[in-house]
Each structure stands twice: as C-alpha cells, then as structure tokens.
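Participant: Here is a sequence together with a model predicted from it:
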Amino acid sequence: GIQVEQSPPDLILQEGANSTLRCNFSDSVNNLQWFHQNPWGQLINLFYIPSGTKQNGRLSATTVATERYSLLYISSSQTTDSGVYFCAVDTGANSKLTFGKGITLSVRP
Amino acid sequence: NAGVMQNPRHLVRRRGQEARLRCSPMKGHSHVYWYRQLPEEGLKFMVYLQKENIIDESGMPKERFSAEFPKEGPSILRIQQVVRGDSAAYFCASSGQGISGNTIYFGEGSWLTVV
C-alpha cells in the first residue's frame, strides 16, 4: 500500500515563529488532507489539497502531486497551534485514507 | 467536525464486556468510515460503510469486531469480549460521496478504556 512519511516528527517553536511541515507519499493520490489533532484529541480538518496551493488565515498548504509531497505552512504560530498534525492520502484504488504518523508541534509562549 | 456526532465520548469497560460506539454522519452524508487510534500512533482504517452495506472491512480485526450502518439510525461499531488491547480512540468520519476527490469529516472520537 501507499507509504506516508511526515517530517520532522517533533517540532518546538516560540510563539510568533513560522514553520513548515512536510508530507511525502509513495504513489499518486486522489485525496490528500491535512488535519490538526488538538490536545483534547479532536481532529480538525485543515485542508483538502490533492494538488495546488490553498490558504486559510495563518495556514497555507501546497501539494506538488508530480513530486509526491505536500507542505503545510504555519505563520506567526500561536500556543493554540500546538497538537499533532496529520497528513492523510487516498490513491483512488482504495476507499480509505492512509495516515502518516503525525508531527507533534509544541508552541511555547 | 461538529457535524459528525459520536457517542459516548468516553467509555470504560471491563475485560469480557461489550462496547458499542455510535456515529451519526453529517447531514446529507451517506458514507461512513471508522478509524482507530492507538496511543501515540496515527489513525488506522477499520471499515467503510454505506447505508445497509459494508463496502470495505479490510481493516477490521477478524474476530470480535463488527460494524453496521442501518437504513435508519446511526452507524454502530461493536466490540465483543473486549480486551486491554482494544483500549484506543475510535473515530468516525463521513463524506457525501466516496473518499476519492472528496473531503471527509471526522467526529470528536470515542475513547474506550478496558480495565
């Protein structure tokens, strides 16, 4: 099946800093989503982005489908950005999203 | 996403008991997915259902686990004779159509603790 690798595994930021989270995948995809799991365990949809670039406030994402990676940018980070960020993909051959192991982000005040 | 409703949020069961987790999809969604998250791990696919049909159960353990999505009412994930290794967060998700080309939305999860 498709492999999804996220990097770095852990990230510590000072409030106000910017960061880039990476997701590499091993096959072409029909669906790619970024999620934020907050410290209470809730999974929040951030982006549906199988290709191209999207922006939502301080967050933006870019997927280069031909090179099989996606990037999530967080600008002017806030403590509420802390949590685990997951990338999940679907190749279209399956009816399931395959998740990466996540990136744990801690934003310090 | 608040639109996908799961209950209970937290459930404690003794070994050997049954656990039933319920999921109501977002309004207008007929595709439901169950995922399991073990401690310190990502989410793993379990089963994909549409109304009255199991489409893909390739991620379901062969024994003790079952899922349904009846014509009326919520989807149910049932775990019989629970063991400590079943302790996990169980997430339900829904979409208006299949995953390919569509956003899926997750509920807030049900945390099962087996004592």
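Facilitator: Good, I have the coordinates. Numbers count the residues shown, from 1 in each chain, chains lettered A, B, ... in the order given.
Participant: can you pull the contacts of the spatially most central residue of chain B?
Facilitator: Nearest residue to the geometric centre of chain B (C-alpha atoms, centre = their mean): residue B:34, 3.4 Å. The contact partners of residue B:34, by C-beta atoms under 8 Å, 6 or more residues apart in numbering or on different chains, come to B:23, B:46, B:47, B:49, B:67, B:75, B:77, B:90, B:91, B:92, B:93. Where you see a C-beta, it was placed from the backbone N, CA and C, and this is true even at glycine.
Participant: Please name the bridge partners of the fifth one.
Facilitator: In other words, residue B:67. Counting by DSSP bridges, residue B:67 forms beta bridges with residue B:77.
Participant: for the last one, same thing?
Facilitator: On DSSP bridges, the residues paired with residue B:93 through beta bridges are residue B:33, residue B:106.
Participant: hang on, it packs against residue B:43?
Facilitator: No. If you go by C-beta atoms under 8 Å, residue B:93 and residue B:43 don't touch, sitting 9.2 Å apart.
Participant: got any ranges where chain A has weak pLDDT?
Facilitator: A:93-94 (pLDDT under 70).
Participant: Number of residues surrounding residue A:67?
Facilitator: Residues near residue A:67, counting by other C-beta atoms under 10 Å in any protein chain shown, number 8.
Participant: can you pull the contacts of it?
Facilitator: Applying C-beta under 8 Å, 6+ apart, no residues contact residue A:67.
Participant: Skipping its backbone neighbours, what lies nearest the residue nearest to the centre of chain B in space?
Facilitator: Leaving out its chain neighbours, the residue that sits closest to residue B:34 by C-beta to C-beta, 6 or more residues apart in numbering or on different chains is residue B:46, at 4.4 Å.
Participant: Quick check: which element contains that neighbour?
Facilitator: Per DSSP states H and E, residue B:46 falls inside strand B:43-50.
Participant: Can I get that strand in PDB? Just the C-alpha atoms.
Facilitator: The C-alpha trace of strand B:43-50 is given here as PDB (Å, rounded to 0.1, in the frame of the first residue of the first chain):
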ATOM      1  CA  LEU B  43      -5.200   6.600  12.700                       C
ATOM      2  CA  LYS B  44      -5.700   3.200  11.100                       C
ATOM      3  CA  PHE B  45      -8.600   2.500   8.800                       C
ATOM      4  CA  MET B  46     -11.100  -0.100  10.000                       C
ATOM      5  CA  VAL B  47     -14.200  -0.200   7.900                       C
ATOM      6  CA  TYR B  48     -16.200   1.800   5.300                       C
ATOM      7  CA  LEU B  49     -20.000   1.600   5.100                       C
ATOM      8  CA  GLN B  50     -22.800   3.000   3.200                       C
END
